[in-house]
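*Asks:* Fold the following for me, if possible:
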Amino acid sequence: MNSKDLKLIYIWDAYCGWCYGFSTGLNEFHKMHPELPITVLSGGLFVGDRKRPISDYPHIPGANQRIEQLSGVKFGDAYQELLEKGNFVLDSEAAAKGFAALEHFSSEKAYELAAAMQKAFYSEGKSLSEEATFREIADAFGLDADEVIKRFKSDEAGRDSLKAFHTVHNLGVNSYPTLLLQKGEKLIKIGGGAMSAEKLEENFRTALQNDSLES
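*Replies:* Just a heads-up that it's a prediction; the model follows:
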């Protein structure tokens with residue numbers, strides 16, 4: 001099959017610790033395959049009645065330890081303080097709006113922008129509901145920060161984030177992270193959890209030969 005018929009679809013949530021861990025392997029895999037375009041879709045993990053203080057999710061500290069062990073990522077001291085205080089509200093809709101605003105001005109760097117958002121939260125303890133966080137990311141990527149913030153506060157960003165949520169729902173994906181390979185008209189899951197670049201490569205090669213594989 002021609003490589004032009006292949007692309008990656010990465011389904012994540014900015015407040016998903018497993019996505020933060022997955023970023024290490026995905027980043028390496030992405031560098032190995034620059035020929036594969038990657039679409040990034042926000043999944044909406046903490047929306048509706050799940051938009052609650054982080055202390056309402058007591059499994060998170062234990063999960064973070066497991067993520068560190070499996071992926072090698074580190075959760076920063078500033079994030080650990082948020083975790084200990086417990087009153088930080090996880091709001092995936094606000095984060096998705098911020099991502100949509102950034103992506104609007106630099107769609108070719110969608111994955112890098114997503115990774116920058118997770119670094120801001122999990123390493124630096126910065127809120128993904130605050131304008132200041134997206135202003136810093138915009139500046140780091142050479143984007144017009146004022147335009148990014150204007151977009152972040154607009155109805156368009158809200159519509160873009162909801163469109164992403166609906167697309168993910170229609171794909172039948174309810175677990176984050178999920179990496180799909182689009183092979184012509186077929187979608188094949190090749191990654192999730194804290195998977196290494198080597199395992200992603202193995203799954204990718206298998207997917208090129210078959211239409212199904214174990215995730």
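*Asks:* Compute the number of surrounding residues for Val89.
*Replies:* 14 (other Cβ atoms under 10 Å). Heads up, the C-betas are built off the backbone N, CA and C, glycines and all.
*Asks:* show me the contacts for the spatially closest residue to it that is not a sequence neighbour.
*Replies:* Excluding its sequence neighbours, the residue lying closest to Val89 (Cβ to Cβ, 6 or more residues apart in numbering) is Pro53, at 5.5 Å. Contact analysis of Pro53 by Cβ atoms under 8 Å, 6 or more residues apart in numbering lists Gly86, Asn87, Phe88, Val89, Leu90.
*Asks:* Where does the prediction get shaky in the protein?
*Replies:* 1-4, 211-215 (pLDDT under 70).
*Asks:* so where do the strands sit in it?
*Replies:* Applying DSSP state E to the chain gives strands spanning 6-12, 38-42, 178-183, 186-192.
*Asks:* So which of those is nearest Ala145?
*Replies:* strand 38-42 (20.6 Å; Cβ to Cβ).
*Asks:* quick one: strands adjacent to the closest one?
*Replies:* strand 6-12 (parallel) (DSSP bridges).
*Asks:* Relative to Thr206, how far out is Tyr111?
*Replies:* With distances taken as Cβ to Cβ, to the nearest Å, Tyr111 is found 22 Å from Thr206.
*Asks:* Between those two, which is the more surrounded one?
*Replies:* Tyr111 (19 against 14).
*Asks:* That one: what's it in contact with?
*Replies:* Tyr10, Leu26, Asn27, His30, Ile38, Val40.
*Asks:* most surrounded residue in the contacts of Pro53?
*Replies:* Of those, with other Cβ under 10 Å as the count, Leu90 tops at 24 neighbours.
*Asks:* Surely that one is in contact with Gly48?
*Replies:* No. Contact criterion Cβ atoms under 8 Å: Leu90 and Gly48 do not qualify, at 11.9 Å.
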